[in-house]
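Participant: Got a sequence here, can you build the structure:
(chains A and B)
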Amino acid sequence: MKTQLYSFHERFWHWLQAAAVLFLIVSGMAIHYPDRFGVLGSMARALQWHTWIGWALAINAFLGIFYHLTAEKYFHFLPRVDDFTEAAVRQVRYYVYGIFKGEAHPLETDPRRKLNPLQKFTYLLLLNILLPLQIVTGVLLWGAERWPVLFAKLGGFWALGPVHTAGAFLFLAFLVGHLYLATTGPTPGALLRAITVGTEVESSSVEAGSAATPTAREAGV
Amino acid sequence: MFSEEHRERSGCRPGPGIGKAAGLLLLSLLVGVAVAQTPESRNTPEAVAPPAPKLRHPSIVLKDADGKNVLHSGKPVSTRQTCGGDCHDYDFITDSFHFQQGKAEMDRELLTKYAVPPYNSSPGMFGKFSLIPNRQLTHAGVQDLSDADMSQPEWLTKCGGCHTGGGISEYDLNGRRLLTAEAKASGPLDPSYTIRNRQTGQVEAWDWAKSGTAEGDCFLCHVPKASRGARRKEMAAGNFRWANNATLSESGIVTKKEDGSFIYDRSAFNADGTVKADILNLSDPTLENCAMCHGFTARNATTIKAIQYADILRGTEKSGWIYNGAKIADTVSPGIVGKEGMNYPWDVHAAKGLICIDCHFSPNNPGRMMHEDAEKNLRYKPVSEDVSIYLKRPDHNFARGNIPPETVNLTRHNTMRGCRDCHVAEKLHAFLPYKSTHFQALTCQTCHIPAVHFWAYRSDDWGFLMDTGTSRISYRGIKGSIVDPDAEVTGYLPAYIPTKDRGGNLQIRPTNLITGVYWFDHTKQRPVFTWQVQQAFFEQRPSESDWTYRPEILKAFADKEGIIDLPQAVYDTPEKIALVRGLLQKYGGVADPELRIDITPWAMSHSTVGKGQAIKECTACHAKKSLLNRPLDLNSALPKGVPVFFAGRRVDVVNFRLPEPSFDNRVLLKSFYIMGQSRVPLVEWMGWLAVAAAALLSLLHGALRLLGGRR
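Facilitator: Numbers count the residues shown, from 1 in each chain, chains lettered A, B, ... in the order given. Modelled structure (predicted):
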């Protein structure tokens, strides 16, 4: 039996954000290292693309907030008390030890608890600090000539540029880890399939394959 | 308008009349503006606006100092009487910078306000120390022979060829008119009345009665056939009173006699005693007039004469600019390397027909004047002074830009039209992101003078004197000698420095760098005079041209054959510097000399190219190897370990680690954030470390999973 894990809206939002983040990283590299990473042609063109995609990501982020709030999906992201203590310890133990021993995933699935504690912390930081930081610094950099006084007061290019760059590095580091953890499902492609078509692997096949196989929601994706 | 009586008194014949002339002047300006704005001239790249209808100056009588027609008296022409009198206000005109050269700015408060070093007596050429000749005008009131360098008469013989008389050669340093009863030396060393004998080193009296004075040379700029070379000869010979006549020597009006005086050719004069208008041809300064002193300027020249023909190309020498409407590819001489691919003009403005005074205009010229009146929000006031007032008192403090660290005429910096007073930059740069930021951070020249296709000064080294008794000069952008018309001119790529714009904002602009090495006198807080350096390097000279190195110099610097040539004339050890320092103390009388490096940037404003050749590639600047940080070689023989001064400030801008000591501007441009080039090392290191850590941990984790046979 297939379990519908991700709704169409969630999947659409995820992939749209993924594409935007990927393109922003590529175009950002083309701006930051124009002589070594000129994949988009001229730096001016990269800057143009970066601006447009940046706006798309910002709008998509806003729509994401709207969706998660109105559809009451935000509970997935809210840590519970035990997420800071026992659950977190168990999750860490699983990643550094249990996963190599074929142990079962430490957390049971719950429709209202799709993310493990480490994911919650990561997304809490990512979606509430890093993404807004990138959006705000990005908008300020875009608006350097529109609000020059504010821009200068906030430190100008010498302050906002490096902060935006640092955020981009963190996004890139997250992306690397995110892509790896996506391979920790029942099969290396299982979780990718789940976030693409929305359904997780059949419960029966999971049980038959390995008792330790976590569901997608249990894996640290 | 002038009355008939006024015209008679002034010597101007009615002819078209001043009133009519003024009307014609305005009409010609209006026609000129209208012509310049026709669609044809705007849209055709090669279009040159046809010249405006020629306005001819009325025929004039050349008068001597007594106001008599020189044709009858045979005396030197007096511009004070000829041009001044009732027509033009001679004293007003010659009180301007072009005639005073800083003499009117010998004001300690002014110097302090503009941070001009105190060893200068003025910020202008007449008074400030200049490294290229390593000379300085002696201060007024000097009491000690060791404080005397170049007296006023010597300055006039050296520099008076270009600097057009008037204030500097009519009045002494105390403001007394020379050759009048009140004009007397205030002491045996008074620099207005003495000159140093180069042979004996002693200061001797200057005979003004013999030399005469040189009045403002109006002809040099207003007679198209003026001869600066002939003028220079007379000034150099101390024959000041005939210098203005010499300027007319190529016009056919005068001929030089053997005794140094000039005679007037009657065929150049009308029957009424006036000079034939078509021979004198008084007019606005032409490109050629300005070119005589300021640099190579021509409407359409395929031959750029080497320096020995052109005599002087000061502006061109300093940064290599060529203001010429001809295409570089069409250049016949000198040999411009790679000219085949340069099918565009030397200067796009010259090709469009702009002349010097279009931008460097007289500030009160009603047709050109600008008004920077922030309170009234006015940039141009169409209803201005009556043209007759302008004709009577034309302001000769010509509009100029700002070429830091140049201090000449410093109270008039940034008075000319800037690029954006004519061009609407925003409309022409659609491809450019962050337009305002670019326009604020860069001068237009930064992209529109991407390269210099001529040679320019590279270094002038007065720290070690060659066996000619003078400095070692090197040039950049040329293979061979600058006096060889067949030398290969390779040109060079400029260095970039930040300079202040009108509003005080820093802008990156292209420059040539001239590196000087010189001795500084710590005790007197001024550069060591050339004669003192000569005393340190050479033995007593039996004749003017005989320069013999002291044995100490030969022992330390000469090769096995006892020769000191360019390879030997190098301070490659601290001991050699110490040796010369000791000789300066012993023979030059300098108590505490210090060897210094001075790097002077010369900003570029000409040799401008259009959009087709301008820099448009982002990665030209926005890259790790940005042209903005491009090293420019300075001087192969630059001594290490001595203080480096850049634009008058002590800043370490020399990179000795490259094969040639080169300019390193990173410290100067550190305030500019250049996307794609500027980096915060901590962000870069930590950022890539985070990415690498994520990748390594993933790989390690995955490998362990594979090894464990698990998922």
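Participant: Confidence-wise, which helix or strand of chain A is lowest on average?
Facilitator: Within chain A, confidence by mean pLDDT, DSSP states H and E is lowest for helix A:203-209 among all helices and strands, at a mean of 40.
Participant: Quick one: residues contacting the residue in chain A positioned nearest to chain B.
Facilitator: Relative to chain B, the nearest point of chain A is A:Phe169 (2.9 Å; CB to the nearest CB). From N, CA and C alone the C-beta is placed, and that goes for glycine too. Going by CB atoms under 8 Å, 6 or more residues apart in numbering or on different chains, A:Phe169 touches B:683, B:686-688, B:690-691.
Participant: In chain A, where's the longest helix?
Facilitator: The helix that spans the most residues within chain A, counting by DSSP state H, is helix A:43-70.
Participant: That one and chain B in contact?
Facilitator: Yes - applying CB under 8 Å from any CB of the partner chain, one finds helix A:43-70 in contact with chain B at A:43-44, A:47-48.
Participant: Does anything pack onto the longest helix anywhere in chain B? Which helices or strands?
Facilitator: Secondary structure of chain B per DSSP H: the longest helix is helix B:681-707. Applying 3 or more CB pairs under 8 Å, 6 or more residues apart in numbering or on different chains; DSSP states H and E, one finds that helix B:681-707 contacts helix A:99-101, helix A:156-181.
Participant: A:Val21 - nearest residue in space that isn't next to it in sequence?
Facilitator: Excluding the flanking residues, the one nearest A:Val21 by CB to CB, 6 or more residues apart in numbering or on different chains is A:Phe171, at 6.1 Å.
Participant: Verify the stated contact: that neighbour with A:Gly138.
Facilitator: No - judged on CB atoms under 8 Å, A:Phe171 makes no contact with A:Gly138 at a distance of 11.5 Å.
Participant: And the longest helix of chain B, how far out from the chain middle?
Facilitator: 59 Å (CA atoms, centre = their mean, to the nearest Å).
Participant: got the buried residues for that helix?
Facilitator: B:683, B:687, B:690-691, B:694-695, B:698, B:701, B:705 (16 or more other CB atoms under 10 Å in any protein chain shown).
Participant: where in chain A is pLDDT low?
Facilitator: Across chain A, the ranges flagged by pLDDT under 70 are A:1-3, A:108-113, A:200-221.
Participant: Could I get the contacting residues of residue 153?
Facilitator: With no chain named, the answer covers chain A. So A:Lys153 contacts nothing (CB under 8 Å, 6+ apart).
Participant: my bad, chain B
Facilitator: Contacts of B:Pro153 (CB under 8 Å, 6+ apart): B:192-195, B:206, B:208, B:211, B:238.
Participant: Please identify which helix or strand holds it.
Facilitator: Assigned by DSSP states H and E, B:Pro153 falls within helix B:152-159.
Participant: neighbours around B:Gly124, how many?
Facilitator: Neighbour count of B:Gly124, defined by other CB atoms under 10 Å in any protein chain shown: 24.
Participant: let me fix that: B:Tyr434
Facilitator: Going by other CB under 10 Å, the residues that sit close to B:Tyr434 add up to 17.
Participant: Tell me the residues on chain B that lie near chain A, please.
Facilitator: Checking chain B against chain A by CB under 8 Å from any CB, the hits are B:431-437, B:617-619, B:622-625, B:671, B:673, B:675-676, B:678, B:680, B:683-684, B:686-688, B:690-691, B:693-695, B:697-698, B:701-702, B:704-705, B:708, B:710-711.
Participant: go with 6 Å
Facilitator: Within chain B, the positions near chain A by CB under 6 Å from any CB of the partner chain are B:433, B:436, B:618-619, B:622-624, B:673, B:676, B:680, B:683, B:687, B:690-691, B:694-695, B:698, B:704, B:708, B:710.
Participant: Could you measure from the residue in the stretch 51-200 of chain B that chain A sits nearest to over to A:Leu57?
Facilitator: Using CB to the nearest CB, the closest approach of the stretch 51-200 of chain B to chain A is made by B:Ala115 at 26.7 Å. To A:Leu57, B:Ala115 is 50 Å away according to CB to CB, to the nearest Å.
Participant: Please say which of the two ends up with more neighbours.
Facilitator: Legend: neighbour count by other CB under 10 Å for B:Ala115 and A:Leu57, higher for A:Leu57 (22 against 12).
Participant: Could you pull up the residues touching the more buried one?
Facilitator: A:Leu57 makes contact with A:Ala20 under the criterion CB atoms under 6 Å, 6 or more residues apart in numbering or on different chains.
Participant: what about B:Asn324, how many neighbours?
Facilitator: B:Asn324: 26 surrounding residues under other CB under 10 Å.
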